[in-house]
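> Provided below for reference: sequence and predicted model.
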Amino acid sequence: MNATTNPASLAPAFCEGIQYFGPAWPGFAEHAAEPAIAEGSSAISGVNSLSAAYQTLLAADALRYLTLQICGAKASGHPGGFASSAEAYAALVMLGHTNIVTEVGHHAPGFYSAMFLDRSLEEMGIKTVQELRDRFREKHGLLGHLSGAIPGLLAPAGPLGQGQHFAMAGALLHPGTLFPVTIGDGGMGEPYILNSMMHFNTAYPTVTNFLPVLIWNGYSQEHHSMCTTWSNDEMTAYWKGHGFENVFLVDAKNFDDRDQVGAYVDSTAFSFDRRQAFAAAVLQAADSAAKSALGGKRTALILKQLKGAGVHKVGAKAHNLYPADTLEAEHIVAGLQRRALAPEAWQLVRDNFSRAGGGPAAKTVVTEHVLAIEPLPELPIRSFEPGEKQVPATAFGALVAALGQADARFVVTNADGNEASAMANINVALKIRHPVEDALYHQEPNGQVYEPLNEDACAGLAAGLALFGSRSIWLSYESFAINGWPIVQTVTQAMAELRRKTPSFVCMFTAGALEQGRNGWTHQRPEIENYFAAQMRNGNVYPLFPCDANQIQVAYEWALGTHNKGIAIIASKSPLPVYTTLEQAREGIENGAITLYESAGGDKTVVFAVTGDMALLPVFEAKDKLEAAGRKVRIVSAANPRRLYRPTDVAWDTVSEPDNAFMDDDRFNALFDADALIGVSGGPSGPLEPIMLRTRAAKRDVMAWKRGETTASAGEIMAFNGLTGEAMAARAEALLG
């Protein structure tokens with residue numbers, strides 16, 4: 001079929017911008033006279049009719065055409081990976097399953113094409129193909145990798161290995177709704193994808209309504225995928241070995257009538273009859289897989305066909321467009337002309353897509369609505385007396401336990417053990433979720449504490465639940481949190497863009513570097529706090545450094561009252577002095593900082609600005625030495641440093657649920673004006689940046705973490721890093737001259 005350019009008058013208005021139209025396919029009058037999804041229906045009536053397969057194939061080629069054309073419009077973007085998934089995506093839509101997420105950010109142009117076809121993008125003013133082209137990879141348009149802020153799309157996709165978390169979170173929150181997640185075989189090389197699903201399958205054996213859809217196309221971004229040599233039996237065994245009972249695999253090779261070389265073939269090169277047979281097989285497999293998953297069986301669907309099937313190139317060469325790959329380039333033109341559809345075919349595909357799932361995804365998928373959750377309970381906050389010693393982590397754990405008892409959907413995730421972090425009270429109250437019931441270890445099959453030994457799996461499920469509208473918390477050692485933080489960064493960025501409210505993502509990190517002396521440097525990695533600090537400028541990220549057991553309670557109380565934010569609480573698991581009353585603690589969290597101590601007199605003023613709790617111990621020792629030398633000392637806890645920036649330092653006005661509460665200059669100066677200012681952190685110096693930017697103190701310095709070492713005590717590791725009372729007092733005297 002050679003494509004011809006048809007008069008624009010023959011095409012529906014939304015087709016403005018389509019460059020090439022082709023003749024109607026053979027059998028169009030017979031199999032496409034009416035949309036397979038009837039008006040008022042949300043899915044096709046049956047999977048075995050030739051018309052259903054025919055229209056599924058039309059949808060697949062429509063997706064391919066739009067994907068290639070919008071990428072070509074900017075000579076940029078990634079058409080190849082989605083092209084090999086087109087039949088699977090189209091089949092799921094035709095079956096009415098539109099709550100689709102992906103692990104592959106590079107599939108973005110295909111997902112945008114789907115949202116255009118079902119009319120979701122009209123919510124952002126994109127009504128024609130020309131507007132789709134114009135706003136692809138542009139500001140306030142369709143960013144190069146998926147964002148949940150795009151109407152109809154449930155979740156972001158960028159870094160590989162994250163999409164399955166969103167599918168599992170959706171399945172947990174919405175029984176009876178299928179959550180397919182497309183996964184690329186390049187991304188599957190990331191080991192935590194199957195690892196995280198295996199733990200979920202074990203912990204939640206009855207939550208089977210998520211459906212991994214592996215797009216096995218033989219290539220990753222720039223080379224063959226690492227599983228390219230596997231046989232179909234090996235791939236099936238791999239999935240079954242990770243807890244999937246039913247694996248449906250459709251191999252395009254079995255339908256090839258063009259003698260293509262290799263295990264991976266391009267289905268668009270088949271004869272038309274074999275293309276229809278292939279589409280029918282994908283549709284039937286997708287239907288069987290969906291029914292299996294919704295029927296209580298852990299299920300995976302695998303589509304095996306060559307990367308780039310049906311676009312401008314195949315293999316890894318199809319992955320990305322470069323500046324020379326314009327809409328005028330011969331190979332792009334040829335690819336578009338091969339996929340060109342008749343004007344009436346475009347209307348048919350739009351009718352099917354806009355009816356699938358009950359209407360445009362922008363109005364029907366679960367994330368387009370605020371999830372109803374239990375009201376926050378009154379937290380059992382205890383008022384500890386200043387001067388007594390309490391364990392911050394344990395005081396915090398009591399509140400987590402109370403929230404979980406009030407909200408049955410609340411999930412606590414932890415990889416290294418709550419008990420090891422002085423939060424056994426959480427396990428006692430909420431129970432570790434495990435198939436083996438054992439009272440000694442506080443575990444049972446219906447527990448609310450999810451404990452895969454994988455920080456990515458912990459962070460992923462907790463972040464996914466928060467993004468989808470439920471409460472959760474990720475608990476970790478600060479030392480290991482870096483292994484899970486990338487998905488938190490992804491989700492908090494997504495929350496900054498969302499068009500709906502969702503509970504803030506909250507995490508709490510214990511056993512900081514100063515508490516891990518005998519474990520040595522393997523457990524002393526506070527540098528992640530610089531990661532949090534850098535994100536403060538994003539506008540919706542808040543690292544909190546409560547100074548004691550009172551303040552950690554009000555920090556969590558504050559976090560639970562916020563929306564669309566990422567909040568990391570850093571605290572110790574050791575008995576430490578209480579410095580604040582509850583009222584003072586709240587003031588410190590709300591305003592950003594609070595004075596813990598101030599000398600009655602003295603000749604020159606030294607201010608210590610401190611993030612953290614254990615780091616205060618040597619600071620108070622330094623205070624004694626300086627006061628003995630006749631100095632005035634003020635110790636300030638910087639509990640919420642995001643509030644200490646100037647408004648112009650932070651992109652607060654660019655995010656959903658904006659927060660423009662920043663400490664004013666008068667209050668800031670009253671806290672931090674000094675003859676000498678020393679910022680102190682038991683971790684790195686990044687969280688102290690807002691203080692150092694704004695202070696008027698000409699004499700200032702920072703004393704912070706340098707590196708880890710094996711030591712017998714917290715005091716010894718602090719001494720190794722120069723964080724002693726003697727060193728601080730000496731530095732203050734040197735600054736004073």
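Sure, I can see it.
> which ones are touching Phe248?
285-286, 288-289, 292, 299-302 (Cβ atoms under 8 Å, 6 or more residues apart in numbering). All C-beta atoms are positioned from the backbone trio N, CA, C, and that covers glycine.
> and the two most separated of those residues?
Every pair in the contacts of Phe248 was compared (Cβ to Cβ); the two farthest apart turn out to be Ser292 and Ile302, at 13.4 Å.
> re the thing from before, in a markdown table: the contacts of Phe248, plus secondary structure and neighbour count.
Shown next, in a markdown table, are the contacts of Phe248 (DSSP: H, G, I helix; E, B strand; the rest coil; neighbours: other Cβ atoms under 10 Å):
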| residue | secondary structure | neighbour count |
| --- | --- | --- |
| Ala285 | helix | 20 |
| Ala286 | helix | 29 |
| Ser288 | helix | 15 |
| Ala289 | helix | 29 |
| Ser292 | helix | 21 |
| Thr299 | strand | 25 |
| Ala300 | strand | 28 |
| Leu301 | strand | 29 |
| Ile302 | strand | 23 |
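> same list (those residues) but as CSV, adding pLDDT and distance to His106.
Formatted as CSV, the contacts of Phe248 follow (pLDDT from 0 to 100; distance: Cβ to Cβ, whole Å):
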residue, pLDDT, distance to His106
Ala285, 98, 24
Ala286, 98, 22
Ser288, 98, 28
Ala289, 98, 23
Ser292, 98, 28
Thr299, 98, 25
Ala300, 98, 21
Leu301, 98, 20
Ile302, 98, 19
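> of these, which is the nearest to Ala698?
For the contacts of Phe248, the nearest to Ala698 is Ala300 (64.0 Å; Cβ to Cβ).
> which stretches of the stretch 451-600 of the chain form strands?
For the stretch 451-600 of the chain, applying DSSP state E, counting those that start in this stretch gives strands covering 472-477, 505-510, 541-544, 566-570, 576-577, 594-598.
> show me what the last one is packed against.
Read it as strand 594-598. helix 582-591, helix 616-628, strand 632-637 (3 or more Cβ pairs under 8 Å, 6 or more residues apart in numbering; DSSP states H and E).
> at 10 Å what do you get?
Where contact means 3 or more Cβ pairs under 10 Å, 6 or more residues apart in numbering; DSSP states H and E, strand 594-598 is packed against helix 582-591, strand 605-611, helix 616-628, strand 632-637, helix 665-672.
> which of the ones you listed is buried the deepest?
strand 605-611 (a mean of 27; mean count of other Cβ atoms under 10 Å).
> including distance to Ala734, could the helices and strands packed on strand 594-598 go into JSON lines?
Listed next are the helices and strands packed on strand 594-598 as JSON lines, based on distance: least, Cβ to Cβ, whole Å:
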{"stretch": "helix 582-591", "distance to Ala734": "29"}
{"stretch": "strand 605-611", "distance to Ala734": "11"}
{"stretch": "helix 616-628", "distance to Ala734": "12"}
{"stretch": "strand 632-637", "distance to Ala734": "15"}
{"stretch": "helix 665-672", "distance to Ala734": "19"}
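> nearest to Asn352, of those?
The nearest among these, by Cβ to Cβ, is helix 582-591 at 52.1 Å.
> tell me the mean pLDDT over the closest one?
Mean pLDDT, helix 582-591: 98.
> which strands and helices sit next to it?
Using 3+ Cβ pairs under 10 Å, 6+ apart as the test, helix 582-591 ends up in contact with strand 541-544, helix 549-560, strand 594-598, strand 632-637, helix 665-672.
> nearest spatial neighbour of the most centrally placed residue in the chain, skipping sequence neighbours?
Closest residue to the average C-alpha location of the chain: Val491 at 3.5 Å, with Cα atoms, centre = their mean. Excluding the flanking residues, the one nearest Val491 by Cβ to Cβ, 6 or more residues apart in numbering is Ala463, at 4.1 Å.
> kindly report the same for Ala401.
In space, Ala401 is closest to Ala429, 3.6 Å off (Cβ to Cβ, 6+ apart).
> for this structure, which spans come out with low pLDDT?
Counting by pLDDT under 70, the chain contains low-confidence residues at 1-9, 189-191.
> coming back round to it: let's have the strands of the stretch 451-600 of the chain in a markdown table, adding distance to Ala59.
Listed next are the strands of the stretch 451-600 of the chain as a markdown table, based on distance: least, Cβ to Cβ, whole Å:
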| stretch | distance to Ala59 |
| --- | --- |
| strand 472-477 | 36 |
| strand 505-510 | 35 |
| strand 541-544 | 40 |
| strand 566-570 | 37 |
| strand 576-577 | 61 |
| strand 594-598 | 60 |
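> burial of the residue nearest to Val491, as a residue count?
Using other Cβ atoms under 10 Å, Ala463 has 32 other residues around it.
> which helix or strand contains Leu211?
If you go by DSSP states H and E, Leu211 is part of strand 210-216.
> which SSE is immediately downstream of that strand?
Sequence-wise, the next helix or strand downstream of strand 210-216 (DSSP H and E) is helix 232-240.
> taking helix 232-240 as reference, get the angle to the next helix or strand along the chain from that next one.
Going down the chain from helix 232-240, the next helix or strand is strand 246-251, by DSSP H and E. Strand 246-251 runs at 150 degrees relative to helix 232-240, counting by axes from the mean of the first three to the mean of the last three Cα atoms, to 10 degrees.
> each with direction, which strands does strand 246-251 pair with?
Here strand 246-251 is paired, per DSSP bridges, with strand 299-304 (parallel).
> could you give me the buried positions within the helix or strand just after the strand it pairs with?
Downstream of strand 299-304, the first helix or strand assigned by DSSP H and E is helix 330-339. Residues 332-333, 335-339 are the ones in helix 330-339 that count as buried (16 or more other Cβ atoms under 10 Å).
> what packs against helix 330-339?
Partner elements for helix 330-339 (3+ Cβ pairs under 10 Å, 6+ apart): helix 50-74.
> which residues touch the nearest residue to Glu222 once chain neighbours are set aside?
Closest residue to Glu222 apart from its sequence neighbours, by Cβ to Cβ, 6+ apart: Ala316 at 5.4 Å. Applying Cβ atoms under 10 Å, 6 or more residues apart in numbering to Ala316 gives the contacts 80-81, 186, 217-225, 307-308.
> so Glu30 is in which element?
Assessed by DSSP H and E, Glu30 sits inside helix 28-31.
> cool, and Ala108?
If you go by DSSP H and E, Ala108 is part of helix 108-117.
> which strands and helices sit next to that helix?
Secondary elements touching helix 108-117 (3+ Cβ pairs under 10 Å, 6+ apart): helix 50-74, helix 80-83, helix 86-94, strand 101-102, helix 129-135, helix 343-355, helix 361-364.
> that one versus helix 50-74: what angle between them?
120 degrees.
> quick one, helix 108-117 and helix 86-94 angle?
Going by the same axes, to 10 degrees, helix 108-117 makes 30 degrees with helix 86-94.
> how about helix 108-117, which residues are buried there?
108-117.
> quick one: the nearest residue to Ala661 once chain neighbours are set aside from Asn550, how far?
Among residues not flanking Ala661 along the chain, Arg643 sits closest, at 6.0 Å (Cβ to Cβ, 6+ apart). Plainly put, Arg643 is 18 Å away from Asn550 if you go by Cβ to Cβ, to the nearest Å.
> more neighbours: which of the two?
Taking Arg643 and Asn550 together and counting by other Cβ under 10 Å, Asn550 has the greater number of neighbours (28 against 22).
> for that one, what are its contacts?
Asn550 neighbours (Cβ under 10 Å, 6+ apart): 381-386, 390, 392, 395, 578-586, 588.
> go again with 6 Å.
Contacts for Asn550 (Cβ atoms under 6 Å, 6 or more residues apart in numbering) come out as 384, 578, 580, 582, 585.
> in what helix or strand does the closest residue in space to Val181 that isn't next to it in sequence lie?
Closest residue to Val181 apart from its sequence neighbours, by Cβ to Cβ, 6+ apart: Ala167 at 3.7 Å. Taking DSSP H and E as the definition, Ala167 sits inside helix 163-173.
> what lies in contact with that helix?
101-103, 155, 157, 179, 181, 193, 197, 200, 207, 209-210, 460-461, 464-465, 468, 470.
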